[in-house]
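Asks: Predicted model and sequence follow; I will ask about them next.
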Amino acid sequence: MKTVSFVSRIICILVIFTLFVSIDGNRAEAAYTYQEKVNVDILNVRANAGTGYAIIGKLKKDQVVTVHDNRQGWSKIAFGQGYGWVSSQYLTNVTWTGYVNATTLNVRSTPSTTARILTQVGTGTAVTVQGKNGSWMKVYIPSKRITGWVHGDYISNKATSTASQPSTWTGYVNATTLNVRSAPSTTARILTQIGTGTAVTVQGKDGSWMKVYIPSKKVTGWVHSDYISNKASASAQVVLLHNTNLRRGPGTSYGIISVEPAGTSLTKIGQSNDWIQVRRKDGVTGWVAGWLVGSAQSSPLKGKTVLLDPGHGGIDGGASGRLYVEKRLNLSTALKLGSLLQQAGAKVIYTRSSDIYVSLNQRVAISNQSNADAFISIHYNSCTGVCSGIETFYYSMSKDSALARSIQNNLIKSTQLRDRGTKYGAYRVIRNNHRPAAMVELGFLSNPTEERLIGSTSHQKKAAQGIYNGLVEYLK
């Protein structure tokens with residue numbers, strides 16, 4: 001009985017093994033898709049792998065097909081709205097030459113960012129693209145005699161001309177305030193900040209990020225490439241004082257391209273009577289009414305200090321809904337608001353800019369030492385019943401209430417949520433605060449319908465814009 005049991009196990013193992021190995025012998029079953037070309041005049045497409053199955057179509061010579069699988073000398077191809085099978089012997093593999101467009105590109109053992117790195121290749125390296133798996137490409141690198149996987153975003157079908165792109169070049173900042181980070185990510189640590197016209201030495205690129213050296217600060221870090229130009233700009237920066245239509249021409253009769261929010265910084269590139277031609281940071285150009293803009297120097301926020309306090313953090317998660325934890329939404333909204341304020345020329349201080357715990361006393365101490373023009377504590381709400389809407393708290397009628405009213409009114413205009421009004425609150429971060437202070441509650445995580453809305457990026461942007469508009473109105 002033991003002998004029979006042992007033989008049975010061996011047979012089972014062999015059967016399972018054959019499921020993963022092609023009997024064809026020339027090609028393993030495809031774990032990815034690749035393209036092949038028909039090498040006969042007419043090729044039958046069948047319903048399954050074998051000549052005994054019905055013919056569901058025909059292919060012509062040199063027709064290119066996408067192969068999804070192989071079985072016993074047959075290839076499964078994309079055909080019509082579904083799949084069909086053709087004899088593999090009548091197909092010829094199609095490859096093409098691609099070129100690396102990243103400074104350093106990892107070549108991995110499988111199509112995954114967690115897979116082992118086999119080697120690295122640089123800008124302009126030629127690769128032979130053999131197949132695809134989602135957004136990944138299987139490539140052979142002749143210069144290294146290695147086959148592996150790379151992300152398709154970093155492979156172009158044309159070689160990049162290096163004659164016009166030196167290894168390093170001088171760029172100029174075209175943003176009012178630009179964060180320089182420790183790594184190519186918006187979550188990476190901010191090393192320093194630089195302003196419009198600052199010269200930087202561009203040393204490399206990773207996707208949409210640039211590695212730069214800032215001679216004036218002797219700092220090397222990463223910045224987003226949208227905010228670096230290859231020419232020093234003599235154009236002035238203008239700031240929108242109100243939500244403004246960006247139009248296709250200098251007049252109200254021209255079509256609207258977009259509605260740009262108050263506080264947006266734009267580059268002035270021309271003028272026609274009372275209309276100003278501007279360029280957005282994404283390169284889109286249009287016209288705005290001159291009476292709706294001011295210079296960065298004339299912004300009510302220019303030179304002001306605003307202290308932003310994202311509530312909770314670290315071990316203190318705050319309120320929780322079914323989908324979101326309050327501490328994360330608080331920080332996300334604060335960072336969006338901070339960006340708007342910095343664009344308008346304000347100095348922004350955060351009590352926390354990452355997921356760390358900061359005590360209430362520490363938050364108050366930071367504010368009292370800052371000499372800030374306004375302190376805003378950002379929160380999302382919760383209750384035991386069915387609640388909805390936005391409310392803003394103040395402690396001192398003389399010191400805080402005007403700030404709270406201005407922020408609350410503009411939050412409701414921006415978000416269109418229920419107005420719960422401004423209220424007295426003896427919360428420590430505003431009670432013990434020597435600076436004008438307000439605490440906002442931007443919606444209820446305990447309300448499933450409202451939670452889905454307030455957790456969205458679009459709502460957080462509207463909330464940030466509402467607080468920004470309130471600060472502009474208050475600081476005028």
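Replies: Everything's here; your move.
Asks: tell me which residues of the strand or helix carrying Asn44 are tucked away?
Replies: Assigned by DSSP states H and E, Asn44 belongs to strand 42-46. With burial defined by 16 or more other Cβ atoms under 10 Å, the residues of strand 42-46 counted as buried are Leu43, Asn44, Val45, Arg46. Backbone N, C-alpha and C define where each C-beta goes, glycine included.
Asks: Now for those residues: which two are most distant?
Replies: Leu43 and Arg46 (10.1 Å; Cβ to Cβ).
Asks: list the residues that contact both of these two?
Replies: Val86 (Cβ atoms under 8 Å, 6 or more residues apart in numbering).
Asks: For the most centrally placed residue in the chain, pull up the helix or strand it's in.
Replies: Nearest to the centroid of the C-alpha atoms of the chain, with distances taken as Cα atoms, centre = their mean, sits Thr186, at 8.1 Å. Following DSSP H and E, one finds Thr186 outside all helices and strands.
Asks: what's the spacing between it and Ser208?
Replies: 11 Å (Cβ to Cβ, to the nearest Å).
Asks: Where in this protein is the helix or strand with the lowest mean pLDDT?
Replies: Here the helix or strand of the chain ranked lowest by mean pLDDT, DSSP states H and E is helix 2-20, holding a mean of 51.
Asks: any idea which helix or strand comes after that one?
Replies: Next helix or strand after helix 2-20 toward the C-terminus (DSSP H and E): strand 34-38.
Asks: domains of this protein?
Replies: Domain assignment for the chain by automatic domain parsing gives 23-93, 96-156, 169-229, 237-297, 305-475.
Asks: and the last one, average pLDDT?
Replies: Per-residue pLDDT values across domain 305-475 average out to 92.
Asks: That domain: how far from the chain's middle?
Replies: Chain-centre distance of domain 305-475: 23 Å, with Cα atoms, centre = their mean, to the nearest Å.
Asks: cool, the first one as well?
Replies: Taking the mean of its C-alpha atoms, domain 23-93 sits 39 Å from the chain's own mean (Cα atoms, centre = their mean).
Asks: go on, the second one?
Replies: On the basis of Cα atoms, centre = their mean, the separation between the geometric centre of domain 96-156 and that of its chain is 23 Å.
Asks: still on that earlier bit, determine which stretch of the domains of the chain is the most buried.
Replies: Ranked by mean neighbour count, the domains of the chain are led by domain 305-475 with a mean of 20 (mean count of other Cβ atoms under 10 Å).
Asks: What ranges does this protein have for its helices?
Replies: 2-20, 326-343, 360-370, 401-415, 428-431, 448-454, 457-475 (DSSP state H).
Asks: Show me where the stretch 1-150 of the chain dips below the pLDDT cut-off.
Replies: For the stretch 1-150 of the chain, residues meeting the criterion pLDDT under 70 lie at 1-31.
Asks: Got the phi and psi for Asn432?
Replies: Asn432 adopts backbone torsions of phi -90, psi 10, taken as degrees, to the nearest 10.
Asks: Now it. Nearest residue, chain neighbours left out?
Replies: Among residues not flanking Asn432 along the chain, Val364 sits closest, at 4.7 Å (Cβ to Cβ, 6 or more residues apart in numbering).
Asks: So that neighbour is in contact with Asn433, correct?
Replies: Yes: look at Val364 against Asn433 with Cβ atoms under 8 Å: they come within range, at 5.7 Å.
Asks: Which parts of the stretch 201-350 of the chain are strands?
Replies: Counting by DSSP state E, counting those that start in this stretch, the stretch 201-350 of the chain has strands at residues 209-214, 219-224, 228-229, 237-240, 244-247, 256-260, 265-272, 275-279, 285-289, 293-295, 305-310, 347-350.
Asks: between the buried residues of strand 42-46, which is nearest Ile194?
Replies: Nearest to Ile194 among these, with distances taken as Cβ to Cβ, is Val45, at 60.1 Å.
Asks: Go through the helices of the chain and name the closest to Ile349.
Replies: Using Cβ to Cβ, the helices of the chain put helix 360-370 closest to Ile349, at 5.5 Å.
Asks: Run the angle between that closest one and strand 305-310 for me.
Replies: 170 degrees (axes from the mean of the first three to the mean of the last three Cα atoms, to 10 degrees).
Asks: Give me the residues contacting helix 360-370.
Replies: Residues outside helix 360-370 that contact it (Cβ under 8 Å, 6+ apart): 305, 307, 309, 349, 351, 375, 377, 428-429, 432-435, 437.
Asks: what do you get for stretch 415-424?
Replies: 388-395, 397, 401, 404-405, 408, 411-412, 441-443, 450, 459, 462-463, 466.
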